[in-house]
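J.: I would like the atomic coordinates for the input below:
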Amino acid sequence: MDTTMTTLADGFWHWLWFGEQAATDTARSTDGLFMWIFWFSAFWFVLLMAFMVFCVVVYRRRPGQPTPRSSSHNTPLEIAWTVIPSLGLVYIFFAGFQGYMNKVVAEGPAMEYSLEAYTWGWDLTYPNGIQSAEATRILDVSQRRAAIPMPGDTPTVDLEAGGPSATSMEYPIFYVPEDQPIRLRMTSRDVIHSFWVPDFRVKFDVFPNRYTSYWFRTDRLSQNDPVLPETNGQRYRDHIIYCAEYCGDFHSEMLAILRVVSRQYYAEWVQSGGIDEENTPLPELGQIISRRSGCFACHSVDGSRNTGPTWQNAYGYDVQLTTGESVPYDANYIRRSIVEPAAEIHAGYPNQMPSYAGVFSERQMNGIIAYIQSLSDRGPVDPFANGAETEADGPDADAEGTEPETEPETEPDTNNDANNAENNPAN
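T.: The predicted structure follows:
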């Protein structure tokens, strides 16, 4: 039956319904069942409509002929048209249930990843605890549709691209090895989302405070797949992750890229492709965290206006609030805006930012602050490296820092005072 269903799923009709080819065995099973249902429905529709037209024409009322008496019911006929189609429905039920179980129960040991959804993005944590630091732009919807080949054609357009045809947001790239069972343990940070990968023919709701499980095994790479730039001929295949549950303003931009690579390349990447938070400079870490968390969907870094205020030349200036007050754009304001965004709303912008309380570690928070400071002409490149000098320039500088400057020529007396202090601790 699998061969028959696969045959029914090939060709023009499959391309018309699905576009992209299925990328996993379970996806091909879903395609086959869908096409079986399609042809099952088409068969009965054509049969019934043809029979209805036949009866309308042959048994139409003719002039001069009395209307014959019809029976109230026909038990054998009623049983036949109920039982025979129901047999097909019973098969659809069991085939669909088997397909569902095949997607939630992995075939043997599988690598387990943790996928977290949030407004509006995705975070994937690998078995060794790292998270991907890579992101890219992808083609818009119209160009992605144009990139889908007709049956028998070879893809000629890559989903990843830059320039004016690409979306304005950057999306995270999640690397996975080819032909390897992978289990996703999914949860949500805030509201209900839905994990949808069209190439996998799967959609699973992702809830806060509970887990949803899904597993897959991708196909092996082929010579038709594109080559990763700056690699020794390493091929890859991209699959786009969407959110299929409306979750707010940027629901349609809640995307990520699942990138299939060879096992060898994956093993090398997973050792070096994550974020080394402890050794990464704070501004660079802040840029990575901001990009991965979707901050650039609302905040620009080049001064252009977006749905949120720009970060360029923001630090060190005053912020006009919707209440009419002005507050300094400093580290405390940045922290409050991340944790309690509704507490102090920037004038001219709506109150639409979700709270990120408890999302970032202390070093990640400091990294975001450092990155915003680095974008301002009033902020140091590394705001934490010169902390002592910054304090010395503050209001208490005269009280704490004048003694070395006003008494540089009395070094012998200063040393004597220090010796006296050692001999008399009470002073």
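
J.: and the gap between C247 and A117?
T.: Using C-beta to C-beta, to the nearest Å, C247 is found at 8 Å from A117. The way it works is simple: take the backbone N, C-alpha and C, and place the C-beta from them, glycine included.

J.: tell me, what's touching these two both at once?
T.: Shared contacts of C247 and A117, defined by C-beta atoms under 8 Å, 6 or more residues apart in numbering, are found at H193, M254.

J.: so what secondary structure elements neighbour the one helix or strand V46 maps to?
T.: Under the assignment given by DSSP states H and E, the secondary-structure element containing V46 is helix 25-58. Here helix 25-58 is seen to pack against helix 2-9, helix 12-18, helix 75-104, strand 202-206 when contacts are counted using 3 or more C-beta pairs under 8 Å, 6 or more residues apart in numbering; DSSP states H and E.

J.: so which of these gets nearest L33?
T.: helix 75-104 (5.3 Å; C-beta to C-beta).

J.: I'd like to know which elements the closest one is packed against.
T.: Contact analysis of helix 75-104 by 3+ C-beta pairs under 8 Å, 6+ apart lists helix 25-58, strand 212-216 as its packing neighbours.

J.: so which of these is the most packed in?
T.: Scoring these by mean neighbour count under mean count of other C-beta atoms under 10 Å gives strand 212-216 as the most buried, with a mean of 19.

J.: Skip ahead from that one and say which helix or strand is next.
T.: strand 236-243.

J.: Return the angle between stretch directions for that following strand and strand 212-216.
T.: With axes from the mean of the first three to the mean of the last three C-alpha atoms, to 10 degrees as the basis, strand 236-243 and strand 212-216 are set at 160 degrees to each other.

J.: neighbouring strands for strand 236-243, and are they parallel or not?
T.: When pairs are called by DSSP bridges, strand 236-243 turns out to pair with strand 193-197 (antiparallel), strand 256-261 (antiparallel).

J.: Flag the shaky bits of the protein, pLDDT-wise.
T.: Applying pLDDT under 70 to the chain picks out residues 1-20, 139-169, 273-276, 380-427.

J.: how would you label the residue in it sticking out farthest from the centre: helix, strand or coil?
T.: Here the chain has its C-alpha centre computed as a mean, and the residue farthest from that point, by C-alpha atoms, centre = their mean, is G64 with 72.6 Å. The three-state label given to G64 by DSSP: H, G, I helix; E, B strand; the rest coil is coil.

J.: that older thread, for the helix holding V46, what is the distance to the chain centroid?
T.: With C-alpha atoms, centre = their mean, to the nearest Å as the basis, helix 25-58 stands 37 Å off its chain's centre.

J.: and the residue lying closest to R292 once chain neighbours are set aside, what are its phi and psi?
T.: When the adjacent residues along the chain are set aside, R292 lies closest to P172, with 5.6 Å between them (C-beta to C-beta, 6 or more residues apart in numbering). When quoted as degrees, to the nearest 10, the phi and psi of P172 stand at phi -70, psi 150.
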